[in-house]
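Engineer: Make a model of this:
(chains A and B)
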Amino acid sequence: MRNVSKVITVIVFIFLYVPIIILAIASFSSGTDLAVFKEFTLNQYHELFRDTDLLALVRNSAVIAVLSTAIATILGTAAALGMHKMSKKMRNLVMSMTNIPMTNPDIVTGVSLALMFAFTGTMLKLNSILGFWTLLIAHVTFNLPYVILNVMPRLAQMDQNLTDAAMDLGCTPIKAFFKVTIHEIMPGIIAGALMSFTMSLDDFVISYFVTGSGFVTLPVEIYNYTKKPIHPKLYALFTLMFIVILALMIIMNVLQAKADKKKSESHVNQMGGVS
Amino acid sequence: MKRKWLTAPYIVWMLLFTIIPLCIVIYFAFTDSITGEFTFSNITGMWDYAPIFLRSIWLSVIATIICLIIGYPVAYTIAQCEPRTQQMLQMLIMLPMCMSFLLRTLAWVALLEDTGIINNLVTALGLTPLPLIRNSGAVILGMVYNYLPYMILPLYTSISKINPRLIEAAEDLGCNKSKVFGKVTLPLSMPGIASGITMVFVPAVSTFYISQKLGSPGTILVGDIIESQFKGAYNPNLGAAMSLILMILIFICIGISNHFTNSDSEEEVMMP
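Structural biologist: Presented below is the predicted three-dimensional model:
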């Protein structure tokens, strides 16, 4: 049984990575067809760096991802801190509101926001308000639940006596909050922010509905590209992004391993452990 | 300190950008596209699309079941590894999720096409090319490929949280391997199964890109129709009615699945 599971695991990893490998190989081919490898060339990479439009799209995506993550992290962490102090009934009510964007399909979230923006646009007698701001609002909206769902469990795990102890030792409530509470829930905040960032960077469906002609992100433009025969410099971009994300993940892994080691060396017995 | 008030900006934000938009969807679903008057015709008109709704649900249910069947052994195997290896493997599962799913789906087109990579191999072996693309099988494959990580991660989280002492206890009390699995591991991983099902089924049932690229006109899904109401043949009222029905159907499907997995939504297992 265990061996069967292992075989399935190996096959699944191959299955997940075959398309990525195909795209990476195609980025070095001189042809345009993904299925046929013509000649080895680095031309696609040259073209990619000469294409300022494409690089602008990458920048747009990064700007939206960074801003929406920052806003969602602050709003979401504040919300989680407040919810922690609420009565169970109130908290459940707010939580069910948080779950709406999580369980709603992206297309419905996108459509509902698009309709509201169109509605607001006509009320303000503007032709179209779709663009940077609508995109930012949409991204913050779908990022918020990730922050809250990551911070809430940390708050629940936290020992309430810690803040009391800090205040007994002379901290003001605000100082105790910054010295103790924030420190304790930091892993949750970081996890939520990271998740928001990746979700935002790669979001296509919601962005597609709320974006205007003025401000477009990379995934939306890739969709427009894939309607026509696609230019292979996109494969080069894909491959570079893959390498960057892989490198970031490895760095994070190494840092995490170091932090874990430190933690096990210092004999402080942390509750719950690192998830 | 009245910390409760820290939640206020968030509540305002969610009211403005989640609750009100949904109310507007309902408003559009019940108004006429030309006169703007109240009407049921958008909703009753949905009967014409019943086969498409059924097809979307059918294909994504199959994709979800496949994801569960192949995702469970993967999550289980990862959870048995050394902690360092676990982190590496978990990262490798998450990595494809960060990459453009549009381009990855396009790579599947190159694999499955009539003159694609697989069929080139098949013809090189002297066999006739296989009809791999433009059918419901290809759409299911695309769904499984894209959403499998969303099944594996919550499963892995809940399996790795199981206390090994419980398994030892069951073994000490005379359970064999398969009984331990059926009596301990499987029931304790139910929250992971429930959230995995939701996280695969919801995006699968509402997808529109996968069916456009890997399917045929015969495998049009609800997502395709909604998309075309907003981006092509502009009829937002019909699109809104369709989104509303889709939301309700998903609500029912998740309700059914939670009923079978006996999990209450509060213990939802998030991605790690």
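
Engineer: and the end-to-end length of stretch B:36-45?
Structural biologist: In stretch B:36-45, first residue to last residue: 17 Å (C-alpha to C-alpha, to the nearest Å).

Engineer: Is there proximity between that stretch and chain A?
Structural biologist: No - using C-beta under 8 Å from any C-beta of the partner chain, stretch B:36-45 stays clear of chain A, with a minimum separation of 11.4 Å. Using the backbone N, CA and C atoms, a C-beta is placed for each residue, glycine as well.

Engineer: Contact partners for residue 15?
Structural biologist: Defaulting to chain A. The contact partners of residue A:15, taken as C-beta atoms under 8 Å, 6 or more residues apart in numbering or on different chains, are B:145, B:148.

Engineer: That one: helix or strand, and which one exactly?
Structural biologist: helix A:2-26 (DSSP states H and E).

Engineer: quick one: the following helix or strand past that helix to helix A:2-26, angle?
Structural biologist: Next helix or strand after helix A:2-26 toward the C-terminus (DSSP H and E): helix A:43-50. Orientation check (axes from the mean of the first three to the mean of the last three C-alpha atoms, to 10 degrees): helix A:43-50 against helix A:2-26 gives 70 degrees.

Engineer: Enumerate the positions of whatever helix or strand comes next after helix A:43-50 that are buried.
Structural biologist: Remark: after helix A:43-50, the chain's next helix or strand is helix A:52-84, criterion DSSP H and E. Within helix A:52-84, the residues that qualify as buried are A:54, A:57-58, A:60-61, A:64-65, A:67-69, A:71-73, A:75-84, counting by 16 or more other C-beta atoms under 10 Å in any protein chain shown.

Engineer: quick one: average confidence on helix A:52-84?
Structural biologist: Mean pLDDT, helix A:52-84: 94.

Engineer: Now for residue B:197: which residues touch it?
Structural biologist: By C-beta under 8 Å, 6+ apart, residue B:197 lies in contact with B:64, B:68, B:151, B:254, B:257, B:261.

Engineer: near chain A, from those?
Structural biologist: By C-beta under 8 Å from any C-beta, the members of those lying near chain A are residue B:254.

Engineer: thinking again about what came up before, quick check, distance from the helix holding residue A:15 to the centre of its chain.
Structural biologist: Centroid displacement of helix A:2-26 relative to its chain, using C-alpha atoms, centre = their mean, to the nearest Å, is 24 Å.

Engineer: Phi and psi next, for residue A:126.
Structural biologist: phi -100, psi 150 (degrees, to the nearest 10).

Engineer: how near is it to residue B:27?
Structural biologist: Between residue A:126 and residue B:27 the distance is 20 Å, computed by C-beta to C-beta, to the nearest Å.

Engineer: and the two? which has more neighbours close in?
Structural biologist: Neighbours were counted for residue A:126 and for residue B:27 using other C-beta atoms under 10 Å in any protein chain shown; residue B:27 has more, 14 against 10.

Engineer: average model confidence for whichever strand or helix holds the more buried one?
Structural biologist: Element membership of residue B:27 [criterion: DSSP H and E] is helix B:20-29. What helix B:20-29 shows for mean pLDDT is 95.

Engineer: Okay, buried residues for it please.
Structural biologist: In helix B:20-29, counting by 16+ other C-beta under 10 Å, buried: B:20-22, B:24-25, B:28-29.

Engineer: Kindly report the same for stretch A:130-140.
Structural biologist: By neighbour count with 16+ other C-beta under 10 Å, stretch A:130-140 contains the buried residues A:130-132, A:134-140.

Engineer: Now look at it and say if it contacts chain B.
Structural biologist: Yes - contact of stretch A:130-140 with chain B (C-beta under 8 Å from any C-beta) involves A:137-138, A:140.

Engineer: so how far is that stretch from its chain's centroid?
Structural biologist: Mean-position distance between stretch A:130-140 and its chain equals 15 Å (C-alpha atoms, centre = their mean).

Engineer: now stretch A:90-110
Structural biologist: Between the centre of stretch A:90-110 and the centre of its chain there are 17 Å (C-alpha atoms, centre = their mean).
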